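Novice: below is the structure, and that's it, no one-letter string:
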């Protein structure tokens with residue numbers, strides 16, 4: 001009897017220590033069962049099949065949506081705990097042609113059966129390219145009045161495979177001291193020291209690598225977690241074997257920004273890397289660039305593809321739209337404006353009998369024999385091209401001079417011949 005009691009206690013302890021108490025149970029979350037009734041299509045444009053392409057086990061859900069709007073399948077969840085933090089994950093796979101969107105969504109309801117108006121929704125990152133079993137994640141907290149939810153697997157304009165959907169209680173990591181034994185001659189007790197944690201979902205959001213004269217370079221970070229992160233002993237650095245890294249002492253609140261201004265220049269204007277390293281010098285995020293524009297920042301456009309573009313500065317705010325500024329070619333070529341103007345003035349002028357005459361405009365022939373004026377072709381200095389589409393004065397004067405010269409020559413021959421005939 002005693003042996004049986006110990007075994008029962010061991011089983012109970014094992015169950016409660018290895019399974020999240022507040023996890024939400026999903027039905028057929030790996031699609032191993034042929035019974036797919038727990039997953040309901042939310043549009044007539046959607047078809048769902050149990051396919052033998054799988055991340056875990058033998059099967060997955062192949063969801064096809066012919067609409068450009070986001071639809072898919074959903075499952076009602078009834079054991080929601082209000083104000084409980086949850087981590088929702090799924091694995092997705094896509095092939096060509098790539099759907100325009102693939103993601104997961106949780107929608108919260110105050111009812112106990114997923115009916116009525118939804119209180120709020122939270123989406124995972126959106127997949128827009130071909131991927132081989134990418135993990136999607138949602139970190140969210142159930143509203144205070146939520147008692148049920150709908151978990152949706154969504155696709156737009158294409159097909160995607162979903163597998164291993166899980167919803168677990170989420171507990172944010174805390175900065176607890178790790179004791180390290182550092183004996184000294186006078187102290188024999190262990191001395192606890194704080195060790196900075198390594199977090200995921202902390203991103204480089206925006207960087208200014210080419211500030212105004214006497215301005216400062218800066219890096220904006222974004223914490224995409226539902227808890228604050230302590231970045232003590234983390235660092236901002238440029239390319240490997242570059243300058244001296246900037247040590248951090250910042251704490252960033254949940255889903256918030258932090259701007260780190262650099263007291264000394266760290267990044268090269270012509271190209272470099274911006275790297276975020278944790279306290280163990282492990283690379284957490286990186287952005288590489290090959291050019292920059294003065295007082296214009298590089299802003300992140302996607303958490304998924306790590307894409308950046310030039311934009312107007314937006315410190316501690318969501319990034320703005322990309323800008324396409326016209327580059328000053330004189331700066332690229334290293335030509336001063338005054339020198340360039342003088343060179344062009346000399347280039348566009350010819351000397352004829354000590355009179356300055358503007359040059360004529362060239363024409364190029366295409367296969368259709370249509371003339372293309374030089375001014376319509378790409379030019380590093382388009383504002384210095386001649387404006388008129390008619391032949392300039394130089395050609396007219398040069399032509400007139402040639403005609404007069406030829407007429408004078410004919411007159412001399414005629415005079416000589418008439419004189420010879422008279423003799």
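Specialist: Alright, I've got the coordinates. These figures come from a predicted structure and were not determined experimentally.
Novice: burial check on residue 315, number of neighbours?
Specialist: By other Cβ atoms under 10 Å, the residues close to residue 315 number 12. (Each C-beta comes from the backbone N, C-alpha and C, glycine too.)
Novice: same question for residue 294.
Specialist: Neighbourhood size, residue 294 [other Cβ under 10 Å]: 14.
Novice: so it sits right up against residue 215, yeah?
Specialist: No: contact between residue 294 and residue 215 fails when scored by Cβ atoms under 8 Å: they sit 9.3 Å apart.
Novice: pLDDT below threshold where in this protein?
Specialist: Counting by pLDDT under 70, the ranges of the chain that qualify are 1-23, 172-197, 240-242, 304-305, 324-423.
Novice: show me where it has helices.
Specialist: 2-18, 329-333, 337-347, 393-422 (DSSP state H).
Novice: list the beta-bridge partners for residue 235.
Specialist: Note on residue 235: beta-bridge partners by DSSP bridges are residue 247, residue 277.
Novice: what touches both of residue 294 and residue 215?
Specialist: Residues touching both residue 294 and residue 215 by Cβ atoms under 8 Å, 6 or more residues apart in numbering: none at all.
Novice: could you give the number of residues near residue 295?
Specialist: The tally of other residues near residue 295 (other Cβ under 10 Å) stands at 13.
Novice: tell me the phi and psi of it?
Specialist: Dihedral pair for residue 295: phi 60, psi 20, per degrees, to the nearest 10.
Novice: that one and residue 209 touch, don't they?
Specialist: No: counting by Cβ under 8 Å, residue 295 stays clear of residue 209, with 10.6 Å between them.
Novice: and the residue nearest to residue 149 when sequence neighbours are not counted, how far from residue 46?
Specialist: Leaving aside its chain neighbours, residue 149 sits nearest to residue 77 (4.5 Å; criterion: Cβ to Cβ, 6 or more residues apart in numbering). Separation of residue 77 from residue 46 (Cβ to Cβ, to the nearest Å): 20 Å.
Novice: for those two, indicate the residue with more neighbours.
Specialist: residue 77 (22 against 19).
Novice: OK, contacts around the more buried one?
Specialist: Residue 77 neighbours (Cβ under 8 Å, 6+ apart): 24-26, 114, 148-151, 167.
Novice: tell me the buried residues in stretch 69-88?
Specialist: By neighbour count on 16 or more other Cβ atoms under 10 Å, the buried set for stretch 69-88 is 70-77, 80, 85-88.
Novice: now, the residues you listed that are in strands?
Specialist: Counting by DSSP state E, those place 71-77, 85-88 in strands.
Novice: closest to residue 276 out of those?
Specialist: residue 87 (22.8 Å; Cβ to Cβ).
Novice: which among the contacts of residue 77 count as buried?
Specialist: Among the contacts of residue 77, those classed as buried by 16+ other Cβ under 10 Å are 24, 26, 114, 148-151, 167.
Novice: redo those as a markdown table? Include distance to residue 50.
Specialist: Putting the buried ones among the contacts of residue 77 into a markdown table (distance: Cβ to Cβ, whole Å) gives the following:
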| residue | distance to residue 50 |
| --- | --- |
| 24 | 22 |
| 26 | 16 |
| 114 | 23 |
| 148 | 26 |
| 149 | 24 |
| 150 | 21 |
| 151 | 18 |
| 167 | 21 |
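Novice: and the two most separated of the residues you listed?
Specialist: Greatest spacing in these, by Cβ to Cβ: 114 and 167 (14.2 Å).
Novice: residue boundaries of the strands in the stretch 101-250 of the chain?
Specialist: In the stretch 101-250 of the chain, the strands defined using DSSP state E, counting those that start in this stretch lie at 101-109, 118-123, 131-141, 148-156, 158-169, 178-180, 191-193, 202-208, 218-223, 229-230, 235-237, 246-247.
Novice: who's in contact with residue 316?
Specialist: By Cβ under 8 Å, 6+ apart, the neighbours of residue 316 are 220, 257-259.
Novice: residues in contact with residue 45?
Specialist: 65-67, 71.
Novice: skipping adjacent residues, who's closest to it in space?
Specialist: In space, residue 45 is closest to residue 67, 4.1 Å off (Cβ to Cβ, 6+ apart).
Novice: ditto for residue 160
Specialist: Nearest to residue 160 is residue 102, by Cβ to Cβ, 6+ apart, at 4.4 Å.
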